[in-house]
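Undergrad: Coordinates for the following, if possible.
(one chain, ligands or ions: 1)
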Amino acid sequence: MAESATLDTPAQLRYLFVTMLMFCETANPLALYQLTEAHMMEDFNQRLRDVDRARAACLDTIAQFLRAHGKSLADYGLPLPDVALLEEEPESGVLDEIDGVVRWAKQLDNLNDEQRTVFDRVMAAVDDIRNVSKLFYVDGPGRTGKTTLYGCLIWSLCNQGRSVLSVAFTGIAASLMDGGMTVHSTFGLPFGTLTDDSTSIITMQSFRAQRIRDAALIVWDEAPMSSGLQLTGQ
Ligand SMILES: Nc1ncnc2c1ncn2[C@@H]1O[C@H](COP(=O)(O)OP(=O)(O)OP(=O)(O)O)[C@@H](O)[C@H]1O
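TA: Below you'll find the model as predicted:
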């Protein structure tokens, strides 16, 4: 869990936590929960800006995973979420999807000139069948709208039925993008320091390799945090 906490998204961590409860004989589930709670609820914390609500959302998500396997939080001596704190959260599912369409359509309309220029160039490159450069590096100070721009690109392509991979070095950066995954899990990077001889654990014939080949666009947030070897690959 400690290794995963530094490499995976909070959603991946919650999934790992439930998997450990279900399939490993975890001696003290409560202690493990308390040790990793901060990482497991980091995305909710960012979104809700309230520790108590974030904790309730985290426990509620874990409870839903467990319920799908016929288990409950109480079976593992874990605290119950204070669901009253979540009442303002919209139901997931259809409403979320409608919300997403409205939100991104509006964001797309509101892109400023610089964001629009990058958006148009990237979208044109995705469809360009010529052998032109398709590598873009977007730079800018904090809070200047980079994540918003990536969101618009991801949403627009997904809306056209295209496949997009959104990755980031840290789990928390990845969780800020729709469908975000860590660089490590997406590209199957080995743990530890990479060397010139390091190779991905993903095999050419695997589903994960096909997902990478199928991607119309790969958005790599905070790329400078990754080492040169991760970026150039083998
Ligand atoms: N074109 C725009 N018009 C108005 N507000 C915008 C626009 N683009 C982004 N914003 C808003 O500005 C804020 C910062 O945007 P965003 O998170 O995309 O920036 P960022 O460059 O990714 O920041 P950071 O580097 O800190 O992650 C957000 O609240 C976002 O909704």
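
Undergrad: Which parts of the chain belong to which domain?
TA: 10-85, 93-225 (the TED database).

Undergrad: quick check, the shortest one touching the ligand?
TA: No - for a cut-off given as Cβ under 6 Å from any ligand atom, domain 10-85 has no contacts with the ligand; the smallest distance is 10.7 Å. Using the backbone N, CA and C atoms, a C-beta is placed for each residue, glycine as well.

Undergrad: How about the last one?
TA: Yes - contact of domain 93-225 with the ligand is found when judged by Cβ under 6 Å from any ligand atom, involving Asn110, Leu111, Asn112, Gln115, Gly140, Gly142, Arg143, Thr144, Gly145, Lys146, Thr147, Thr148.

Undergrad: ok but the fourth one is inside a helix, no?
TA: Looking back up the chat, that one is Gln115. Yes - assessed with DSSP: H, G, I helix; E, B strand; the rest coil, Gln115 lies in a helix.

Undergrad: Now do the same contact list for it.
TA: Counting by Cβ atoms under 8 Å, 6 or more residues apart in numbering, Gln115 makes contact with Gly145, Thr148, Leu149, Cys152.

Undergrad: My read is that the second one contacts Leu108, right?
TA: To tie it back to what came earlier, the one meant is Thr148. No - counting by Cβ atoms under 8 Å, Thr148 stays clear of Leu108, with 9.8 Å between them.

Undergrad: still on that earlier bit, name the member of the contacts of Gln115 with the most neighbours.
TA: Within the contacts of Gln115, most neighbours by other Cβ atoms under 10 Å means Cys152, with 24 neighbours.

Undergrad: From what I see, that residue and Ala105 are in contact.
TA: No - at 9.6 Å, Cys152 does not count as touching Ala105 under the criterion of Cβ under 8 Å.

Undergrad: which of the residues in the helix or strand encompassing Val18 are buried?
TA: Assessed by DSSP states H and E, Val18 sits inside helix 10-23. Using 16 or more other Cβ atoms under 10 Å as the test for burial, helix 10-23 gives Pro10, Ala11, Gln12, Leu13, Arg14, Tyr15, Leu16, Phe17, Val18, Leu21.

Undergrad: got a winner among the residues of domain 93-225 next to the ligand for most neighbours?
TA: Neighbour max across the residues of domain 93-225 next to the ligand (other Cβ under 10 Å) = Gln115, 21 neighbours.

Undergrad: on that earlier part again, among the residues of domain 93-225 next to the ligand, which two are most distant?
TA: Asn110 and Gly142 (19.1 Å; Cβ to Cβ).

Undergrad: next helix or strand past the helix holding Val18?
TA: Criterion used, DSSP H and E; the element after helix 10-23 is helix 29-40.

Undergrad: Check which residues of that following helix are buried.
TA: Within helix 29-40, judged by 16+ other Cβ under 10 Å, the buried ones are Pro29, Leu32, Tyr33, Thr36, Glu37, His39, Met40.

Undergrad: if we take these, which one ends up nearest to the ligand?
TA: His39 (19.1 Å; Cβ to the nearest ligand atom).

Undergrad: wait, doesn't the closest one sit right on Ala11?
TA: No - using Cβ under 8 Å, His39 is not in contact with Ala11, being 11.0 Å away.

Undergrad: Report pLDDT for the spatially closest residue to Asp75 that is not a sequence neighbour.
TA: Leaving aside its sequence neighbours, Asp75 sits nearest to Leu66 (Cβ to Cβ, 6 or more residues apart in numbering; 7.4 Å). Listed pLDDT for Leu66 reads 82.

Undergrad: which residue is nearest the centroid of this protein?
TA: The chain has Gly180 as the residue nearest its centroid, 2.6 Å off, counting by Cα atoms, centre = their mean.
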